[in-house]
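S.K.: Got a predicted structure plus its sequence, pasted below:
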Amino acid sequence: MSPVRRAVALTTMLALFAGVVTFIPASTARAADVQAQGTVHGGFYSDQWEAGQDLNALANATGKRVSIGGTFLDINESPYPAVAGQWSNTRERLNKIWQGQATPFANLSIPGFPVNTTQLNRWIDHLQLYLNLGGGRSLILAPLQEMNGNWTNWGCNPSAFITAYRTIVNAVRGRGINETKVRFAFAPNGWTTPGCGSIGSYYPGDSYVDLIGISAYRWSGGGSVQEIMGSTIDQLAAAHPTRPLLIAQTAVWPSSSKSQWIRDMFSWAAAHPHVVGLIYFNFNNSSFETDWRVWFGGGSVDAGWRDGMRRSSTKYEFPLSSWFKPGPLTLSFPPGVNLCPSGRDCDTTAFQDAGSRFKVFTYATSGSAQTSFFFGNPGDVAFSGDWDCDGSETLGLYRRSDGYVYLRNSNTQGIADISFYFGNPGDIPIAGDFDGDGCDTVSIYRPSQARFYIINDLGSNDKGLGAADYSFLFGNVGDKPFVGDFNGDGIDTIGLHRESTGLVYYRNSNSTGVAQAQFIFGNPGDKIVAGDWDGDGDDTVAVYRPGSQMFYARNSNTAGNADSQVYVGPQAGVAALNP
């Protein structure tokens, strides 16, 4: 292998979703961290009055307890004065869940807008009865759940909802009930009634929300877990990267496919870097929906639920004391594994944010920046290469607005050292050492033709690239190009990624022909890059997932799980780099 590292093409990566308002930045304080990646807490909605007995029996049938018990409350449900020795619906429902060794997740409804503050304060008196029972009692409160639709008395009115939600939070906090007792959840439905605004338009603000929990049900129409809830979860994760996410209500129908779907849901939730729990809606609503139950109160339980709960990644904690420490509730992201053995020359990553700031990571999945600097303008397409043949890769940019390529010979802030015209509108830059001379050049992939134009000299002095040394067709129109030395011979060749399916395929020569290798890696919508993450001389794939804002690297060009992964936040682009 040539000691000169090859450039690897960047794929533009955006994490956006339409109709979402601008959000208040999350607090940087990290007082109460919640682990999501690799674990998930189980939760269950059971009999409202016998929740303790039900949750204990469910644990016997399943072999493992749930951490969270779901329930539904109304500020009118306790009309009697809050007196310790008298009946209280709120106190009893919450305490039954606590006696079942689970932390309550309580959905709180109101008759309509505006909030009746007299009723609200009387209800808080009853909430205090539960908390006064001691023993570290706590709960997660979700005011006005599923409000983003016309199926509730308080739905389809974002501004009124925000006012009501904040009124409830302020009233509870105003009574001296802080985050060590009550955490607040923003709990929209996963699907919004057309005309009712986006989920983001209902968001009350970070100072009012500790965690986010959506309702997402699999109905008779079918659909995978990703199809049912993945898009909404990923949108919320992109908008609120530090907020823990819950599947606050979920169930599946019909029963013929229930077990496997539930297994898949546990696996999916545990793998998602932002999802901390799922709560199953175990009710028979056959009068107007269907029978959602996985457990009927006897000794048997649905096999899918049992298997999901028994997974090593399904976590049980009671009480959830780590969630109720002073300060904001934030996600704890585990660091990635360093894939580069000591003494080897390995690639790392340079991430480009929406403001044109680049962060060069210490190693590919470190999650921490070794250096940070600004280069170019927002919207520029970034890539990397060794432009001056000195053995170090530096960044380059393509600016679609003026058709120029801008290259820099050091990974520092400053103006371009080299600039030249680039191709046609719509062309995608690819960069690499295509002839094995130790120098990287910029070439062209024309998506409209599925054609590559390989150019072995750099442009300069504001002139065009000139004619291609050779060109060839490869792959399908619409697939996204990337570059790497996939066989370690010192020459970069081309690959393509079909984002709709995760199909990766490449050739070991820059010519027309069938793929030398193909495999599936990642999820639909992932953005691909290739680099030598372990210093063995050949390049392998990695993907950035805009929805979860995770970077996944693999040490072989084969299907399988990532060898290392790390949370990197919202990014506009990423390039493999050997500085």
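M.R.: Ah, there it is.

S.K.: only C-alpha atoms for contact and neighbour calcs from this point on.
M.R.: Noted.

S.K.: what bits of the chain have low per-residue confidence?
M.R.: Scanning the chain for pLDDT under 70 picks out 1-32.

S.K.: Give me the residues contacting stretch 99-119.
M.R.: For stretch 99-119, contacts defined as C-alpha atoms under 8 Å, 6 or more residues apart in numbering pick out 51-56, 65-76, 94, 97-98, 138-145, 153-154, 160, 164, 167, 318-320.

S.K.: And the buried ones among the residues you listed, selectable in ChimeraX?
M.R.: Of these, the buried ones go into a single ChimeraX selection, burial set by 16 or more other C-alpha atoms under 10 Å:
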select :51,52,53,54,55,56,65,66,67,68,69,70,71,72,73,74,75,76,94,97,98,138,139,140,141,142,143,144,145,154,160,164,167,319,320
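
S.K.: Packing partners of the host helix or strand of residue 183?
M.R.: Using DSSP states H and E, residue 183 sits within strand 182-186. Strand 182-186 sits against strand 139-143, strand 211-215, with contacts defined as 3 or more C-alpha pairs under 8 Å, 6 or more residues apart in numbering; DSSP states H and E.

S.K.: Summarise which helices and strands the last one is packed against.
M.R.: Of the remaining helices and strands, those touching strand 211-215 by 3+ C-alpha pairs under 8 Å, 6+ apart are strand 182-186, strand 245-250.

S.K.: picking that back up, within the sheet, what are the partner strands of the strand holding residue 183, with directions?
M.R.: strand 139-143 (parallel), strand 211-215 (parallel) (DSSP bridges).

S.K.: Helices of the chain, residue ranges please.
M.R.: Counting by DSSP state H, the chain has helices at residues 51-62, 89-99, 117-131, 158-174, 225, 231-239, 258-271, 303-310.

S.K.: Nearest to residue 203, out of these?
M.R.: Nearest to residue 203, of all the helices of the chain, is helix 158-174, at 6.9 Å by C-alpha to C-alpha.

S.K.: where's that closest one relative to the chain centroid, distance-wise?
M.R.: In this view, helix 158-174 has its centroid 27 Å away from the chain centroid, taken as C-alpha atoms, centre = their mean, to the nearest Å.

S.K.: tilt between that helix and strand 182-186?
M.R.: 170 degrees (axes from the mean of the first three to the mean of the last three C-alpha atoms, to 10 degrees).

S.K.: Who are the packing partners of helix 158-174?
M.R.: By 3+ C-alpha pairs under 8 Å, 6+ apart, helix 158-174 packs against helix 117-131.

S.K.: got the buried residues for the helix it packs on?
M.R.: 119-131.

S.K.: same question, stretch 548-564
M.R.: Buried positions in stretch 548-564, judged by neighbour count with 16+ other C-alpha under 10 Å: 548-557, 562-564.

S.K.: Residues touching that stretch, excluding its own?
M.R.: Residues contacting stretch 548-564 (C-alpha under 8 Å, 6+ apart): 15, 234, 237-238, 241, 272-274, 336-339, 364-365, 518-521, 532-534, 540-545, 565-571.

S.K.: Put the buried members of these into a ChimeraX selection.
M.R.: Restricted to buried positions by 16+ other C-alpha under 10 Å, the ChimeraX selection for those reads:
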select :15,234,237,238,241,272,273,274,336,337,338,339,364,365,518,520,521,532,533,534,540,541,542,543,544,545,565,566,567,568,569,570,571
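
S.K.: rewinding a little: make JSON lines from the strands paired with strand 182-186 and add distance to residue 304 to it.
M.R.: Formatted as JSON lines, the strands paired with strand 182-186 follow (distance: least, C-alpha to C-alpha, whole Å):
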{"stretch": "strand 139-143", "distance to residue 304": "26"}
{"stretch": "strand 211-215", "distance to residue 304": "20"}
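
S.K.: which stretch among those comes nearest residue 324?
M.R.: Across the strands paired with strand 182-186, closest to residue 324 is strand 139-143 (C-alpha to C-alpha), at 9.0 Å.

S.K.: when you compare where the closest one runs with where helix 117-131 runs, what's the angle?
M.R.: 160 degrees.

S.K.: Next, the angle strand 245-250 makes with strand 139-143.
M.R.: Strand 139-143 and strand 245-250 are oriented at 70 degrees to each other (the same axes, to 10 degrees).

S.K.: Send over strand 139-143 as PDB, restricted to the C-alpha atoms.
M.R.: C-alpha atoms of strand 139-143 as PDB (Å, rounded to 0.1, in the frame of the first residue of the first chain):
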ATOM      1  CA  LEU A 139     -43.700  10.000  38.700                       C
ATOM      2  CA  ILE A 140     -43.400  11.100  35.100                       C
ATOM      3  CA  LEU A 141     -46.300  13.400  34.300                       C
ATOM      4  CA  ALA A 142     -47.400  13.900  30.600                       C
ATOM      5  CA  PRO A 143     -49.900  16.800  30.500                       C
END
